[in-house]
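Q: attaching a predicted model along with its sequence, questions to come.
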Amino acid sequence: MLPSILSKSRNAPSPAGHRRRLRHLLSSSLGRATTLPPTTAIAASPPSPSTNSHLASSPHTYHHYTSILQSCVAAGSLRAGRQLHGRLLVSGLGPDTVLFTKLVDLYAACGHVGHARRLFDGMPKRNVFLWNVLIRAYAREGPREAAVQLYRGMAEHGVEPDNFTYPLVLKACAALLDMETGREVHERVSGTRWGQDVFVCAGIVDMYAKCGCVDNARAVFDGIAVRDAVVWNSMIAAYGQNGWPMEALSLCRDMAANGIGPTIATLVSTISAAADAAALPRGRELHGFGWRRGFGREDKLKTSLVDMYAKSGWVQVARILFEQLMKTELVSWNAMICGYGMHGHADEALALFNKMRGDAQVSPDNITFVGVLSACNHGGMVEEAKEFFDLMVDVYSINPTVQHYTCLVDVLGHTGRFEEAYDLIKGMPIKPDSGIWGALLNGCKIHKNVELGELALQKLIELEPEDAGNYVHLSNIYAQSGKWEKAARVRKLMTNRGLKKILACSWIELKGKTHGFLVGDASHPRSDEIYEELERLEGLMSDAGYVPDTMPVFHNVGDDEKRNMVRSHSERLAIAFGLISTPPGTKLLVTKNLRVCEDCHVVIKLISKIVQREIIIRDVNRYHHFVNGECSCKDYW
């Protein structure tokens, strides 16, 4: 939310109106010229005085030139601007600061930053506005380092930055993740009259947020005496961008409580936070609020809602909103394709991808292919995943990222094609990260490949020596294979290193309140009712032939103890609480921080059939939609 140097009023003419005005001005002014110099010349120094030098003394002509140039900038008309530039070189006006600042702005706005820079360098007098125009061009188009260099050059030329300069430089620092320079700018601003300017402060908050320093951003936010929507939006976005979605939602409430009306930017950031937190009730509230405030036709809002509903399990609602978009941009296609991919709706994701490339003529980017490959992965479509990976590289010339390789390794590992998966990892042009080795280790766990699992764990320990989950994975592989002594050694190694297994936790949000459960949890106020509901369901499941699968319990204990450990898994407690707390037929959404175990997967399918409800589980890997005894993953996850 940074200010524009050349901001236009709400009543400014449309681009078409600017073009009509420009044609009129050109026909009345430049039409009288008999010969123009070559328009390819980009220079600030005028030639020797010409016979047209009398134009320099004409205030009417000077005003006419400024009007034409302003219209060129507004309409983005490079050709007309270059014609006028040539005219100025023979007019006798010379490198007039106002006129040539508009020329610099025109070249920069039209993507010719090199031309703009040459004009700038040839100007004998440069005001702060001229510096800002070029800094803005570099901050927007790059190289961003040039924007920082220009900012430093202002001091050398005795030009004092203003409240437009600082946000632009901070934007460049944010893009470069250059917190050292950003902090330097912050310190300099603090000693000026711009220290409390809302746009400057918003730029500082955004810079710290982009560099991952949320606490610094919040300290700046708390120190602002008068905050408008711009500052609030910057801090909300800072929380959302750094994985603090609940803090973003809380700050949005504080914003409303302080009498600051949310804007479209507020809603987009907050809805994105609701999506990341899987806080569907909050997301729906924001949806309704946005419609009541008259933002219902805004594609930006609808796109954020598409993402939120997809991430919250309501992929059908996401598709309805997607179809209502006035103009379907790439970000909208990506949100919907990735949404289908997360939910394992591979056919729908691939059909939408083909529609995007065919009917819509929209070229995919690397995010699109993450969604497509994720869909193939969750659908067990190995050959299709390999074909799309090759399509991305060979046809669209997109360099694969670690995310793309992770999807491909994951689907190969899931299907037991370990030789291909390992060869792919060894042939990667980029260094494999923990996600790559974790995907391979997960495949080894599924297919009990102890030897390769040990290799993957060794790599993971090198990358993440303090992550207990890696040791647990290998211990589980040993336990599945009946190698209890090796499993015990791994767990002892964890103990010696002071590592503790991550506790499985599930939570469900009802009436704006989040209820969390651990395995065997008895701390909830309605705990007795929850376990009574589980016993009732277990009796009905037994009548249907259910027998507990204790394989997921990787402890060398008796079967009875294993059954008791499985029956009180956290997701079952959350589901039971949801069943006793909501009317019949209500859809339940439960989030879990770890993978759903095999026995719980069977149980939840049976529960969905017994109670005739849709139950959605969002675990660490994907979404599972349980309806009438079936799961959307088709038992592949």
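A: Yes, it's here.
Q: just the C-alpha atoms of stretch 155-169, please, in CSV.
A: Extracted C-alpha coordinates of stretch 155-169, given in CSV (Å, rounded to 0.1, in the frame of the first residue of the first chain):
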residue,chain,number,x,y,z
ALA,A,155,22.4,13.3,-0.4
GLU,A,156,25.5,13.7,-2.5
HIS,A,157,23.6,16.2,-4.7
GLY,A,158,22.0,18.0,-1.7
VAL,A,159,18.5,16.9,-2.4
GLU,A,160,16.4,16.0,0.7
PRO,A,161,14.1,12.9,0.3
ASP,A,162,10.4,13.5,1.0
ASN,A,163,7.4,11.4,2.0
PHE,A,164,7.2,9.9,-1.6
THR,A,165,10.9,9.0,-1.8
TYR,A,166,11.0,6.9,1.4
PRO,A,167,8.2,4.5,0.6
LEU,A,168,9.7,3.8,-2.9
VAL,A,169,13.1,3.1,-1.5
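Q: can you name the element that comes right after the strand or helix carrying residue 268?
A: Here residue 268 sits within helix 264-276, counting by DSSP states H and E. Sequence order places helix 280-292 as the next helix or strand after helix 264-276, per DSSP H and E.
Q: please work out which residues outside that next one touch it.
A: For helix 280-292, contacts defined as C-beta atoms under 8 Å, 6 or more residues apart in numbering pick out 249, 262, 264, 267, 270-271, 274-275, 296, 298, 301, 305, 308-309, 312-314, 509-512, 589. For every residue, glycine as well, the C-beta is placed using N, CA and C.
Q: and the helix holding residue 268, what other elements does it pack with?
A: Packing contacts for helix 264-276, counted by 3 or more C-beta pairs under 8 Å, 6 or more residues apart in numbering; DSSP states H and E, involve helix 229-241, helix 245-257, helix 280-292, helix 299-311.
Q: spatially, what comes nearest to residue 195 if we skip its sequence neighbours?
A: Leaving aside its sequence neighbours, residue 195 sits nearest to residue 189 (C-beta to C-beta, 6 or more residues apart in numbering; 5.5 Å).
Q: what's the separation between that neighbour and residue 197?
A: Using C-beta to C-beta, to the nearest Å, one gets 8 Å for the distance from residue 189 to residue 197.
Q: with residue 188 instead?
A: 13 Å.
Q: next SSE after the helix or strand containing residue 64?
A: Residue 64 belongs to helix 59-75 when assigned by DSSP H and E. The helix or strand immediately downstream of helix 59-75 is helix 78-89, counting by DSSP H and E.
Q: picking up where we left off before, mind giving me the packing neighbours of the helix holding residue 64?
A: helix 15-29, helix 78-89, helix 97-109.
Q: buried ones in the shortest one?
A: Residues of helix 78-89 classed as buried by neighbour count (16 or more other C-beta atoms under 10 Å): 78, 80, 81, 82, 83, 84, 85, 86, 87, 88, 89.
Q: out of these, which is nearest to residue 153?
A: Nearest to residue 153 out of those is residue 85 (C-beta to C-beta; 24.2 Å).
Q: nearest residue to that closest one other than its sequence neighbours?
A: Computed as C-beta to C-beta, 6+ apart, the closest residue to residue 85 that is not its neighbour in sequence is residue 103, at 5.6 Å.
Q: so that neighbour touches residue 119, yeah?
A: Yes. Between residue 103 and residue 119 there is a contact under C-beta atoms under 8 Å: 5.9 Å.
Q: in CSV, list the C-alpha atoms belonging to the helix holding residue 64.
A: Extracted in CSV, the C-alpha atoms of helix 59-75 (Å, rounded to 0.1, in the frame of the first residue of the first chain):
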residue,chain,number,x,y,z
PRO,A,59,4.0,31.2,-22.1
HIS,A,60,1.1,29.8,-24.2
THR,A,61,3.4,27.4,-26.0
TYR,A,62,5.1,26.4,-22.8
HIS,A,63,1.8,25.6,-21.2
HIS,A,64,0.7,23.7,-24.3
TYR,A,65,3.8,21.5,-24.2
THR,A,66,3.3,20.7,-20.5
SER,A,67,-0.4,19.8,-21.2
ILE,A,68,0.6,17.6,-24.1
LEU,A,69,3.3,15.8,-22.1
GLN,A,70,0.9,15.3,-19.2
SER,A,71,-1.6,13.7,-21.6
CYS,A,72,1.2,11.5,-23.0
VAL,A,73,2.0,10.3,-19.5
ALA,A,74,-1.6,9.7,-18.6
ALA,A,75,-2.3,7.8,-21.9
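Q: now do the contacts for the residue nearest to residue 195.
A: Contacts of residue 189 were listed using C-beta under 8 Å, 6+ apart, and they are 166, 195, 200, 204.
Q: got the buried residues for the helix holding residue 64?
A: Buried-residue list, helix 59-75, by 16+ other C-beta under 10 Å: 61, 62, 64, 65, 68, 69, 70, 71, 72, 73, 74, 75.
Q: likewise stretch 356-373?
A: For stretch 356-373, the buried set under the neighbour-count rule, 16+ other C-beta under 10 Å, comprises 356, 357, 362, 364, 367, 368, 369, 370, 371, 372, 373.
Q: and for stretch 201-213?
A: Across stretch 201-213, burial judged by 16+ other C-beta under 10 Å covers 201, 202, 203, 204, 205, 206, 207, 208, 209, 210, 211, 213.
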